[in-house]
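A.B. asks: Pasting a predicted model and its sequence here:
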2 protein chains.
Amino acid sequence: MRVLVVEDERALAAAVAQGLVAEGFAADVVHEGDEALLRVIDTQYDAIVLDIMLPKLSGYEVLRQMRTAGVWTPVIMLTAKDGEYDVADALDLGADDYLIKPFSFVVLVARLRALLRRGAPERPAQMVTGDLVVDPATRRVVRGGTEVALTAREFAVLEYLMRCADTVVSKTEVLQHVWDEYYDGDPNIVEVYVGYLRRKIDAPFGKAAIETVRGAGYRLRGDGG
Amino acid sequence: MRVLVVEDERALAAAVAQGLVAEGFAADVVHEGDEALLRVIDTQYDAIVLDIMLPKLSGYEVLRQMRTAGVWTPVIMLTAKDGEYDVADALDLGADDYLIKPFSFVVLVARLRALLRRGAPERPAQMVTGDLVVDPATRRVVRGGTEVALTAREFAVLEYLMRCADTVVSKTEVLQHVWDEYYDGDPNIVEVYVGYLRRKIDAPFGKAAIETVRGAGYRLRGDGG
DNA sequence: GGCTCAGTTCAGCGCAGTCTCAGCGTCTCC
DNA sequence: GGAGACGCTGAGACTGCGCTGAACTGAGCC
């Protein structure tokens, strides 16, 4: 679990980071708001401990801008002020929790754990056509209830065909999307992989999801074949 | 938004409920632990404000039993004690937040709003997949009833895989989340640790919770393997 | 100092996955 | 019907991914 600590008091920041590492987290530290913002957008943290009083860019501002940028990593705010309304502001801006300095390290860890527990990673939707289900997140393919094991390449080809379900896809399109743009091998490779796929997802089920359109390419039937 | 207020001091309970109604919530009040438990299991509240000191059944006990019963409604604990460890206990038991009495009503409402905004149903403190149980708070791992001893690194890797259960996690993702950002050692380290984990949590039980998805990464099976 | 143990590096092995190629079947057009 | 283009498939070669055992480092402890 990777945590970013944003705190301008260097001694405190180091102490917190060290403690978190001892608790089994991976902790990074930055001391300024603008740097924090860059890091947060750049790197996929599991949680962020964010001081409000920061040089360059306040914690509020970091929070606001990162939420605007579409980063929804859980955030715990740290504040020296105990003004109630400040805290309410932070929560309304999208902070998930806050601690008032001086805070207890035990509480910080407990709150972090509670936050991480909550965080359900959102999954991209799975693609369904007929009785064929392709889930890019889990890399699973299920046909008529039984799971089918595909290799990476096979999966990539099927995924692309699914995305273009019901429309004809040329072999060069498949090559460009699944293989490298500058692939200069035998274009026949597409036929080979379509063959593999048919053997795995069509033949055992007596169906034909992948149609060949002679002279044009392939079409994955939207009704599953 | 329907909120249950569980508080034995009748004056305080009434004041809170009245304030919540004024803020647009629908608020119910009960004064005893056992009654709270019945109501909570019976009625689908959006949030619960739960005092720790209660007659008949303590707030802790109410929380524990309702979580055991599968009720994951967000809970804010109220406590007169400010002992850190009590708070940490409550959070690990599955409370989502807490307030120390005397608390500010403004803060209570802000926290309630934050909780409701979060909306996502709370997860159990322990992570369970099949017969594999991982508890981040106690750092314990149990498989099929027998405890398994893991080192810190092993635990961190397993914890991350559990969080992403059923989805494929690339080796670089594991590196980024479990190791430090600036780790520039041999990425093979991930394979090594997956190997350790398999020897400890899979081999002795004749199972395979951690699948390798060639060319993509690893997937921890949601059904335990 | 010597021991243990966690964490890490490294090199070698085996094989799954990928790709090439050639031969054969099938469709289309004259 | 025949020729040629197009598509399919089986055999086999190659590559590099993933796994593992062994060795090294460094911290903690007696």
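C.D. replies: Arrived safely, thanks for sending.
A.B. asks: which parts of chain A sit against DNA strand C?
C.D. replies: A:151-154, A:179, A:185-186, A:188-189, A:192, A:214 (C-beta under 7 Å from any atom of the strand). All C-beta spots, glycine's among them, are computed from the backbone N, C-alpha and C.
A.B. asks: Show the buried residues in those.
C.D. replies: A:153-154, A:179, A:189 (16 or more other C-beta atoms under 10 Å in any protein chain shown).
A.B. asks: what bridges to the closest residue to A:R139 other than its chain neighbours?
C.D. replies: Leaving aside its sequence neighbours, A:R139 sits nearest to B:V168 (C-beta to C-beta, 6 or more residues apart in numbering or on different chains; 4.7 Å). Legend: beta-bridge partners of B:V168 under DSSP bridges are B:R219.
A.B. asks: confidence score at the residue nearest to A:H31 when sequence neighbours are not counted?
C.D. replies: Distances taken as C-beta to C-beta, 6+ apart put A:D8 closest to A:H31, at 5.0 Å, once the chain neighbours are dropped. On pLDDT, A:D8 comes in at 90.
A.B. asks: Surely A:D8 and A:L57 touch.
C.D. replies: No - using C-beta atoms under 8 Å, A:D8 is not in contact with A:L57; the gap is 11.0 Å.
A.B. asks: Overlap in contacts, these two.
C.D. replies: Each of A:E32 lies in contact with both A:D8 and A:L57 under the rule C-beta atoms under 8 Å, 6 or more residues apart in numbering or on different chains.
A.B. asks: Could you check how far the residue nearest to A:R139 is from A:A36?
C.D. replies: Here B:V168 is placed at a distance of 30 Å from A:A36 (C-beta to C-beta, to the nearest Å).
A.B. asks: hang on, the earlier thing: got the buried ones among the residues of chain A next to DNA strand C as JSON lines, with pLDDT columns?
C.D. replies: Below are these laid out as JSON lines (pLDDT from 0 to 100):
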{"residue": "A:R153", "pLDDT": "92"}
{"residue": "A:E154", "pLDDT": "94"}
{"residue": "A:W179", "pLDDT": "86"}
{"residue": "A:I189", "pLDDT": "93"}
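A.B. asks: burial of A:R113, as a residue count?
C.D. replies: Neighbour count of A:R113, defined by other C-beta atoms under 10 Å in any protein chain shown: 20.
A.B. asks: returning to that earlier point: closest to chain B among the residues of chain A next to DNA strand C?
C.D. replies: Top of the list for closeness to chain B, among those and by C-beta to the nearest C-beta, is A:A152 at 3.5 Å.
A.B. asks: quick one: contacts of stretch A:167-178?
C.D. replies: Contacts for stretch A:167-178 (C-beta under 8 Å, 6+ apart): A:153, A:156-157, A:160-161, A:183, A:187, A:189-191, A:213, A:216-220.
A.B. asks: ok, which pair from the residues of chain A next to DNA strand C is furthest apart?
C.D. replies: For the residues of chain A next to DNA strand C, the farthest-apart pair by C-beta to C-beta is A:A152 and A:R214; their separation is 28.5 Å.
A.B. asks: Which residues of chain A lie near DNA strand D?
C.D. replies: Residues of chain A lying near DNA strand D (C-beta under 7 Å from any atom of the strand): A:171, A:188, A:191-192, A:194-195, A:198, A:212, A:214-217.
A.B. asks: Give the PyMOL command for selecting the buried subset of these.
C.D. replies: The PyMOL selection below is limited to those of the residues of chain A next to DNA strand D classed as buried (16+ other C-beta under 10 Å):
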select buried, chain A and resi 171+194+198+217
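A.B. asks: Of the residues of chain A next to DNA strand D, which belong to helices?
C.D. replies: Members of these lying in helices (criterion: DSSP state H): A:171, A:191-192, A:194-195.
A.B. asks: How far does stretch A:133-144 sit from its chain's centre?
C.D. replies: 17 Å (C-alpha atoms, centre = their mean, to the nearest Å).
A.B. asks: What residues sit buried inside it?
C.D. replies: Buried residues in stretch A:133-144 (16+ other C-beta under 10 Å): A:133-143.
A.B. asks: Can you pull out the residues in contact with that stretch?
C.D. replies: In contact with stretch A:133-144 (C-beta under 8 Å, 6+ apart) are residues A:123-124, A:126-128, A:131-132, A:147-150, A:155, A:158-159, A:162, A:201, A:205, B:166-168, B:213, B:216, B:219.
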